[in-house]
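Chemist: Show me how the following folds:
(4 chains)
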Number of protein chains: 4
Amino acid sequence: MMKEVWKDKYEILKEELAQRGVNLEEVKESIKDLNIETPSWGYSNAGTRFATFEEAYAARNVEDRLEDAAKVQELTGGSPSVAIHIPWDKTSDYGKLREKAERLGVEIGAVNPNLFEDYDYKFGSLAHPDSSVRQKAVDHVFECIDVMREVNSDVLSLWLADGTNYPGQDDFRDRKNRLENSFSRIYDELPDGAKMLIEYKPFEPAFYHTDIADWGMSLNYCNKLGEQAKVLVDTGHHLKGTNIEHIVSFLIDEVALGGFHFNNKKYADDDLTTGSINPYEIFLIFQEIVKAESDPDVEDLDISYMVDQMHIIKNKLEAMIQTVNTVQKLYAKALIVNQTALEEEQKNLNPVKAEEVLKEAYETDVDPLIKKIMVEEGRSPEPLKAFRESGYMEKITQERS
Amino acid sequence: MMKEVWKDKYEILKEELAQRGVNLEEVKESIKDLNIETPSWGYSNAGTRFATFEEAYAARNVEDRLEDAAKVQELTGGSPSVAIHIPWDKTSDYGKLREKAERLGVEIGAVNPNLFEDYDYKFGSLAHPDSSVRQKAVDHVFECIDVMREVNSDVLSLWLADGTNYPGQDDFRDRKNRLENSFSRIYDELPDGAKMLIEYKPFEPAFYHTDIADWGMSLNYCNKLGEQAKVLVDTGHHLKGTNIEHIVSFLIDEVALGGFHFNNKKYADDDLTTGSINPYEIFLIFQEIVKAESDPDVEDLDISYMVDQMHIIKNKLEAMIQTVNTVQKLYAKALIVNQTALEEEQKNLNPVKAEEVLKEAYETDVDPLIKKIMVEEGRSPEPLKAFRESGYMEKITQERS
Amino acid sequence: MMKEVWKDKYEILKEELAQRGVNLEEVKESIKDLNIETPSWGYSNAGTRFATFEEAYAARNVEDRLEDAAKVQELTGGSPSVAIHIPWDKTSDYGKLREKAERLGVEIGAVNPNLFEDYDYKFGSLAHPDSSVRQKAVDHVFECIDVMREVNSDVLSLWLADGTNYPGQDDFRDRKNRLENSFSRIYDELPDGAKMLIEYKPFEPAFYHTDIADWGMSLNYCNKLGEQAKVLVDTGHHLKGTNIEHIVSFLIDEVALGGFHFNNKKYADDDLTTGSINPYEIFLIFQEIVKAESDPDVEDLDISYMVDQMHIIKNKLEAMIQTVNTVQKLYAKALIVNQTALEEEQKNLNPVKAEEVLKEAYETDVDPLIKKIMVEEGRSPEPLKAFRESGYMEKITQERS
Amino acid sequence: MMKEVWKDKYEILKEELAQRGVNLEEVKESIKDLNIETPSWGYSNAGTRFATFEEAYAARNVEDRLEDAAKVQELTGGSPSVAIHIPWDKTSDYGKLREKAERLGVEIGAVNPNLFEDYDYKFGSLAHPDSSVRQKAVDHVFECIDVMREVNSDVLSLWLADGTNYPGQDDFRDRKNRLENSFSRIYDELPDGAKMLIEYKPFEPAFYHTDIADWGMSLNYCNKLGEQAKVLVDTGHHLKGTNIEHIVSFLIDEVALGGFHFNNKKYADDDLTTGSINPYEIFLIFQEIVKAESDPDVEDLDISYMVDQMHIIKNKLEAMIQTVNTVQKLYAKALIVNQTALEEEQKNLNPVKAEEVLKEAYETDVDPLIKKIMVEEGRSPEPLKAFRESGYMEKITQERS
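Modeler: As a prediction, this is how the structure comes out:
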């Protein structure tokens, strides 16, 4: 019976959007084309520094993780690729891994080196004072570049924990120069056409200074490297108050936005579900992207949308389905903004009317639109419900216990 | 033509909410009963410490302010009272002021003393080291209590700028004890049945410490005074990251929540339009209130909803209409939460499903519901549009220039 | 040769302080009386959620931890007691543990239950929706109260990870009432004369709301329990910008300050060495305490000074010696503030002169004073150097590898 | 008698620093060479958005301001130049103004345009949507460049209030491109050898986005303009938690650090006295500069040290003397860091020892050193006391009332 309601709502939405001059079929195509890459590590056990709660169903290895990611993709259609992390997803035959992924209906996306777990990285990796540790770190990234070739990935995603915990611990400029040097060696090995993403973060696990603390530092490193180096924006990696959509727009203008790590936070890098704390903010980020997508002056827009979340108390698979669904909705809301009216009110210096244009789109219930897309693609209109009824949880809980 | 769409949407919403077990008529009554008091000072010129932009149409005196507030009430039906500020709204005959308000169709609400503008208050008011300044401040509040009697107000709303700018400037405990003493003298003069609201703020204009820095300090003062003293929550008066809805709920449980100053902020006390930065947060605050309203264990829920915004670049009247409309919508969204389902999922320890219950309500487009209420009350379904077409701006611009 | 310099500096300091009217012998007594309790967990391996670096010398069990703590006490004279954490320090015979501690020259201080690590605590402990989990948590605290009796401790130190990660996950008021109930059951079992400390924290590991989020909530729980319940202030557990010394002073005035967890932070709960980021702030906290200590109106000042730090990249023992030494110095600086002059300038409404009084003390080099105390107590004037030369590191590294 | 003590302390300090290998005469020369420029606007009435307290002695015009600045310079020797702000310091004959300054013993330093006060700038200045407003703003900066020539200033200091208050109000990329264009026009008119400083600020007076929100945006604009454009770091213009010394060091490495606006904050842009909240942070900033000053790899270090403070409750002149004195002390502490030992411990990966090297310098009482310099320069060793005894306050209070 509920089904009937969303279908009626869809028809009215269609009529309403037509009145606003929105081409609904184009909107649907854009949403269908959106790839929200999920991370292999999001399917495993996760915790805080205080506790990790072991779940019987949690993925044990890269094979389990691919299966979980494929299930999310099967149900949502929005997450056709999976980011991997080396050595967590290390395997003896990456060709076979790629084949397995393909069989499951997903691709392997960004490759993420681990430059923080090894004891040798206690004082840094690519910026470490000791050249032998830097060499080890660079070699590990080279290994990841080899993996990229084998799994057919064109994204190298670099997040560094490098930094210091105390004033005086190391010299900022020395670290900067060492890091530039390490990055340059890595960049030289990058396959043609591949992107090297440089992520920034203000703090944690380094608690006094972090070598790549903000987007300005990421961009500075990218500018010195070349066009294949781009900035990665993790939505949780900003000091409180930062206007992220402004940074996104600035990076687009500098042809330097490489991609996103989606998640949400209320305090620090909380890794909560995207849109769970401030959904309007994600909408505003997408609004910058949608404007850029239709702007002839914007060149080379090539944005990787990735999720970086590790759910501790939520069911990991449900939370990932919820995330893809939420991102689809918030992107849809940005796609139906009446950009012509918005520009007009901006020119008129009318902030109330301009804001009303944004809010009209944000407050539109796009749920029927997403349901319609799901059905058109042959999926259940309610992926979360479908997941719960699929028996998948029971299956993996039994298999993995 | 658009009209037809919202009416159709309303019919579907009705059906949908019926399926969710929501009693729509009760929801409509609750929204109609909501009084979002607007502040007289929100209709006058305002600025930052850097500039105040003088607007030709800005209210010049308390009469202008009442007229503007009445216009907002006429169009929205949601703001039947107006807060006043003494001496900004000082007048020779408060009886006449009350009559004028009544003629215009509004009431006078909270009375706000000014304890920060006078040179004597450079080092504080009710907590000032010098007893003669404290006496002056107490006397001013007594004057405001007299005004309350004359204008028929039962809310005394106290915000203090008291604090220090530098370590060592004054003694915290001495200030606390002086403030307790001043509060006690004021409380003794409070008319029966009146509320004394004590507002908190972490900083500004004091930049090292503020005497009433957070809700805990407000509550502590209230507890010592008695049942007529309650905490006032200004949504913009919290350090970044504070979970305001948690505080609201805590205060409800302590029978100590007296009211709100609504506004929104991205950084400090920005006084932006309610819901303009994080609308979900306001929804979550209302969700706490809605739960309490239907909870038989909650006694004496008596919450004053007031706006505290001074619009600098937006049209002041449009912004106030927008605010009332936004608050109505966010309250409506809280009213249609399926509380039974929510409780059920909380008991089941299922955070995904519990969140989905909240989001189902939040993502519902309640615009047709608010439009329906407007029409039922004999108003235009689009108050902002009606305002723009009313000729009121042209009228006051001419009169006040 | 350096030795001669500090002795000369001490003589001049003596003369200078005499001129300021400071009684140096009293200052020395106060510093000698200061007990900065170190935590057993500060001697073991520690990390962030990203990595724990295993150190060969790290304490493996409670015996190792007591030995390390005793070494710090031997060298500094400022840390005669050790906080323990159950079950990390669980042992079969607590009487024997107490004897071992005594033999080593230390006492066992606060007992800390662990209410966050067990899988059952995934959704809370004392505030958990399920009464059986609450019972388990209460039972564990009862076990800790038994330990208190056996080890002769009079401090039960409660920190809860209870909270939620997502809006809607649980009901705030239900959680509050459950927690009040659990606390009440614990309080009833508290030995006479013992303190029950209730710690607060704004976030982590809970990322949406924390049940005891700030000092106001701690105090509210304490007030309902009785005089043995006091607030524990962890210097790292505040939102950015919080004026901690103001809270300390407020709690002193409410006869509710139970103690401290010292550490320092630049961002979140970073657990850095006390005074490593903003030493002036710790000085200002001590200034509040010193004033209260000499104020006849302040009753029942009974403050436990505890360290809560887990050093990840610093040598754990050196960092603890450094901490005790730093706290001694900052307390010394507060002790030599010319309080009479300060009060005078506060009365004169002269913030520049008042600040100069504080800064005169803060900028005084008290290193020779601490060295003098060390020598008077028969210790090396340079505990860190003495530690490095003691061979202790070599000994434990060999023993514990 | 106190005099004798500081002289004795100086002798011991000399001995101690000699032992640490510090060349005291070089340190003294560096401090004597330090120019801490004071702002003309710091001598006038100032306030918050809530109140401005009018002081009888406050400077009424540019002449008064120069006299006050000259008094501060006379007493401290550390502030030989004065920043001016147009139109606040507008005058009919700038040649005469320069002569007056010279007669008083000061120079005119940075010239600051006002691009925020005029009604036309309600929606921006150099980034305003309307080209006629941008032209007005550019013309005003041209006027300031003319003033620079007349007063012999080689610093154009640009702070923009440009930004938006609400999502949707304007287009970020359009604003960025307009701003680049305006900057470029200004840069073309810059006199040879002059610096154009671009200041950043995260918020206020714009409360949703600020066009130059952080150092990364400033640097990006500078890089496009050329070598004469440099970044201006206002210590109060950062989101809470920002590691300012890291940014300073990064900018030094990019040959892009143009200067400072010194002040201190606990919350937002509080404009408190430098070093009044976290003096250690200013020390750490100077430590980066001192290292760069002696680093042969660092080219073209040309840093303008300016104060940007408006004292509301402190005596404005005393506060300025206090500021210069504080900056001198914190710079002195950085100058006596044992850099060789520090580098050694950094290489040894020993954060405890490295930190001890910094703290040894920071905790050194350099007051006798500053007093010695004052006396060597023929000034009173106690500038604040000398000011109070000079009769200057009485004189200006009478003259200016």
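Chemist: For the residue of the stretch 251-400 of chain A found nearest chain B, what is the enclosing helix or strand?
Modeler: Closest residue of the stretch 251-400 of chain A to chain B, CB to the nearest CB: residue A:365 (4.2 Å). C-beta here means a position set from N, CA and C on the backbone, and glycine is covered the same way. Assigned by DSSP states H and E, residue A:365 falls within no helix or strand.
Chemist: show me the contacts for residue A:215.
Modeler: The contact partners of residue A:215, by CB atoms under 8 Å, 6 or more residues apart in numbering or on different chains, come to A:200, A:231, A:233, A:247, A:250-251, D:216.
Chemist: go with 6 Å
Modeler: A:200, A:231, A:247, D:216 (CB atoms under 6 Å, 6 or more residues apart in numbering or on different chains).
Chemist: Can you give me the neighbour number for the residue of the stretch 251-400 of chain A closest to chain B?
Modeler: Using other CB atoms under 10 Å in any protein chain shown, residue A:365 has 20 other residues around it.
Chemist: ok, now residue A:399?
Modeler: Neighbours around residue A:399, by other CB under 10 Å: 12.
Chemist: What pLDDT is listed against it?
Modeler: Residue A:399 carries a pLDDT value of 97.
Chemist: residues making contact with the helix or strand hosting it?
Modeler: Element membership for residue A:399 (DSSP H and E) is helix A:392-400. With contact meaning CB under 6 Å, 6+ apart, helix A:392-400 is reached by A:56-57, A:60, A:71.
Chemist: Any buried residues in that helix, and which?
Modeler: Residues A:392, A:396 are the ones in helix A:392-400 that count as buried (16 or more other CB atoms under 10 Å in any protein chain shown).
Chemist: so who does the residue nearest the centre of chain A touch?
Modeler: Centroid check for chain A by CA atoms, centre = their mean gives residue A:306 as the closest residue, at 2.2 Å. Residue A:306 makes contact with A:37, A:83, A:261, according to CB under 6 Å, 6+ apart.
Chemist: Keep only those of the contacts of residue A:215 that are in strands.
Modeler: Using DSSP state E, residue A:231 are the members of the contacts of residue A:215 that sit in strands.
Chemist: can I get the contacts of residue A:215 in JSON lines with distance to chain C and pLDDT?
Modeler: Below are the contacts of residue A:215 laid out as JSON lines (distance: CB to the nearest CB, whole Å; pLDDT from 0 to 100):
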{"residue": "A:200", "distance to chain C": "14", "pLDDT": "98"}
{"residue": "A:231", "distance to chain C": "21", "pLDDT": "98"}
{"residue": "A:247", "distance to chain C": "19", "pLDDT": "98"}
{"residue": "D:216", "distance to chain C": "19", "pLDDT": "98"}
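Chemist: Secondary structure class of the closest residue to residue A:268 other than its chain neighbours, three-state.
Modeler: Leaving aside its chain neighbours, residue A:268 sits nearest to residue C:268 (4.5 Å; criterion: CB to CB, 6 or more residues apart in numbering or on different chains). Under the three-state scheme (DSSP: H, G, I helix; E, B strand; the rest coil), residue C:268 adopts coil.
Chemist: what's the distance between residue C:268 and residue C:309?
Modeler: Distance of residue C:268 to residue C:309, computed by CB to CB, to the nearest Å: 14 Å.
Chemist: Counting neighbours, go ahead and name the busier of those two.
Modeler: The neighbour count for residue C:268 versus residue C:309, taken as other CB under 10 Å, is higher for residue C:309 (26 against 21).
Chemist: So which residues on the stretch 1-150 of chain A come close to chain B?
Modeler: Neighbours of chain B within the stretch 1-150 of chain A, by CB under 6 Å from any CB of the partner chain: A:5, A:8-9, A:12, A:16.
Chemist: Go through these and name the one nearest chain D.
Modeler: Nearest member of these to chain D, counting by CB to the nearest CB, is residue A:16, at 19.7 Å.
Chemist: what about the closest one, how many neighbours?
Modeler: Neighbours of residue A:16 using other CB under 10 Å come to 20.
Chemist: Just give the number of residues close to the spatially closest residue to it that is not a sequence neighbour.
Modeler: Leaving aside its sequence neighbours, residue A:16 sits nearest to residue B:5 (CB to CB, 6+ apart; 5.1 Å). Counted with other CB under 10 Å, the neighbours of residue B:5 add up to 16.
Chemist: State the distance from residue B:5 to residue A:18.
Modeler: 10 Å.
Chemist: cool, residue A:100 as well?
Modeler: Relative to residue A:18, residue A:100 is positioned 45 Å away (CB to CB).
Chemist: What of residue A:37?
Modeler: Distance, residue A:37 to residue A:18, using CB to CB: 33 Å.
Chemist: Those two: who's more crowded?
Modeler: Using other CB under 10 Å, the more surrounded residue of residue A:37 and residue A:18 is residue A:37, with 28 against 12.
Chemist: residues contacting the more buried one?
Modeler: So residue A:37 contacts A:81, A:83, A:109, A:306 (CB under 6 Å, 6+ apart).
Chemist: Name the nearest residue to the third one, ignoring sequence neighbours.
Modeler: For residue A:109, ignoring the flanking residues on the chain, the nearest one in space by CB to CB, 6+ apart is residue A:81 at 3.7 Å.
Chemist: list the contacts for the one you found?
Modeler: A:37, A:107, A:109.
Chemist: Residue A:354 now?
Modeler: Taking CB under 6 Å, 6+ apart, we find residue A:354 in contact with A:342, A:345-346, D:168-169.
Chemist: Mind telling me what element it is part of?
Modeler: For residue A:354, the host element (DSSP H and E) is helix A:351-362.
Chemist: per-residue confidence averaged over the helix or strand just after that helix?
Modeler: Using DSSP H and E, the next helix or strand after helix A:351-362 towards the C-terminus is helix A:367-376. On average, the pLDDT along helix A:367-376 is 98.
Chemist: Which strands or helices does helix A:367-376 pack on?
Modeler: helix A:2-19, helix A:316-335 (3 or more CB pairs under 6 Å, 6 or more residues apart in numbering or on different chains; DSSP states H and E).
Chemist: what comes up buried for the first one?
Modeler: By 16+ other CB under 10 Å, the buried positions in helix A:2-19 come out as A:5-6, A:8-10, A:12-14, A:16-17.
Chemist: Relative to residue D:124, which of those residues is nearest.
Modeler: residue A:17 (32.7 Å; CB to CB).
Chemist: ok, now which ones touch that closest one?
Modeler: Applying CB under 6 Å, 6+ apart to residue A:17 gives the contacts A:24, A:336.
Chemist: how close does residue A:126 sit to chain C?
Modeler: 16 Å (CB to the nearest CB, to the nearest Å).
Chemist: Okay, now the unreliable bits of the stretch 51-200 of chain A?
Modeler: Scanning the stretch 51-200 of chain A for pLDDT under 70 picks out no residues.
Chemist: What residues does it have near chain C?
Modeler: Proximity of the stretch 51-200 of chain A to chain C is confined to A:51, A:53, A:116-117, A:119, A:122, A:161, A:165-166 under the rule CB under 6 Å from any CB.
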